[in-house]
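[1] need coordinates for the following:
(2 chains)
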Amino acid sequence: MAIDMSMPVLVVDDYNTMIRIIRNLLKQLGFEDVDDASDGSAALSKLRGKKYGLVISDWNMEPMTGYELLKEVRQDPGLAKTPFIMVTAESKTENVIAAKKAGVNNYIVKPFNAQTLKTKIEAVFAE
Amino acid sequence: MALADASHFDRLVDFLKQKRDNVTFNDIISLAEVSAQSLQSFFQALDAKVYGELREIAQYIETMRHEIGALQVNDLKNSRIPAAGEELGAIVRATEEATHTLMECAEAVMAADASDPAAYKALVDEKMLVIFEACSFQDITGQRIAKVVETLQHIEERVSRFANVVQAKDINGFLTESERARAERKEKLLLHGPQLAGAGVDQSKVDELFA
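    Numbers count the residues shown, from 1 in each chain, chains lettered A, B, ... in the order given. Model (predicted):
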């Protein structure tokens, strides 16, 4: 399935540097409409105010983590089908399994490169 | 330890046998003297034991005072730990600044107009120099990290020595309620943080779980 490069993408991370890295990588991949949020609750507000085609979220944030955000998104009928990629340093097997059970579409371990991000986005939209 | 010498009791018994029917005030005084002599050896032995135990306690307290002093807690609390905190703060700021500079250079190069090759090359050369300069953060942060590691080793040595001397045993549970709350939140939300090389799962293992 072709990816709609005009779809809005929401990047959620509490580190501005990481947001900037992902934003630049997405720009290189052709995504122009990229928003950001600094934690799960800020992201949830944005998600309820605008239709996003993809969420790329960190796990470890305060006050709402990416894992909590994922569960909220999957429980909300209006957001439940939004593609969700976790990009995180939380790299224990139990983290990956928990995220998968909660309905994450893919999981990227930090640090990562542009090719990994591209591959995972393509895999999500090939589902 | 015997309460008293048997000979002293024998003297008491003999005395009472002799004076059974006719006890005077002087006899009572004499009896008290004999009793006091009987108990003297007991108290002497008791004194020696109590003294020995008190001396051991005093030595233990003196050792503890020495070991607590050797921990140098005031130096740790007022100087070394705050200094290590400042070093770590400076490391975070330095890495943030360097990252910002590097990304700014990369963004400038990516956004540059390449239609004028000479101008483009001049811009790239200028930004590359800035990148080289920004990379010097690694040397400075390396030195700062070495100082923090030294502080941690200093604390570790003293705490280990103290734990050995007092034969410390860990108790379960949490020191404060906020410590408990933090631990429970970490447990509930699976907050493990970055793993050391080889400790966590890498991307290929994650991909297997999603295959």
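[2] just want the most central residue of chain B.
    For chain B, the residue nearest the mean C-alpha position is B:V159 (4.3 Å; C-alpha atoms, centre = their mean).
[3] can you tell me how far that one is from chain A?
    28 Å (C-beta to the nearest C-beta, to the nearest Å). Heads up, the C-betas are built off the backbone N, CA and C, glycines and all.
[4] look up phi and psi at A:M5.
    phi -70, psi -10 (degrees, to the nearest 10).
[5] that one contacts A:K27, doesn't it?
    No: using C-beta atoms under 8 Å, A:M5 makes no contact with A:K27, being 10.6 Å away.
[6] mind listing what the residue nearest to the centre of chain B touches?
    B:L71 (C-beta atoms under 8 Å, 6 or more residues apart in numbering or on different chains).
[7] could you verify that it is part of a strand?
    No: read with DSSP: H, G, I helix; E, B strand; the rest coil, B:V159 is helix and lies in no strand.
[8] quick one: pLDDT of it?
    With respect to pLDDT, B:V159 has a value of 92.
[9] B:E67 versus that one, what's the distance?
    According to C-beta to C-beta, to the nearest Å, B:V159 stands 11 Å off from B:E67.
[10] same check, this time on B:H100
    Taking C-beta to C-beta, one finds B:H100 at 47 Å from B:E67.
[11] go on, B:F137?
    Taken as C-beta to C-beta, the span from B:F137 to B:E67 is 41 Å.
[12] ok, now B:D113?
    To B:E67, B:D113 is 70 Å away according to C-beta to C-beta.
[13] cool, B:A45 as well?
    Distance from B:A45 to B:E67, by C-beta to C-beta: 33 Å.
[14] contacts only, for residue 110.
    Let's take chain A. A:M18, A:V87, A:T88, A:A89, A:S91, B:P194.
[15] let me rephrase: I mean chain B.
    A:N24, A:Q28.
[16] same check, this time on B:L54
    B:L54 neighbours (C-beta under 8 Å, 6+ apart): none.
[17] count the residues that sit near the closest residue to chain B within chain A.
    Per C-beta to the nearest C-beta, A:S91 is where chain A lies closest to chain B, at 3.4 Å. Neighbours of A:S91 under the rule other C-beta atoms under 10 Å in any protein chain shown: 22.
[18] distance from stretch A:53-64 to the middle of the chain?
    Its chain's C-alpha centre lies 6 Å from the corresponding centre of stretch A:53-64 when counted by C-alpha atoms, centre = their mean, to the nearest Å.
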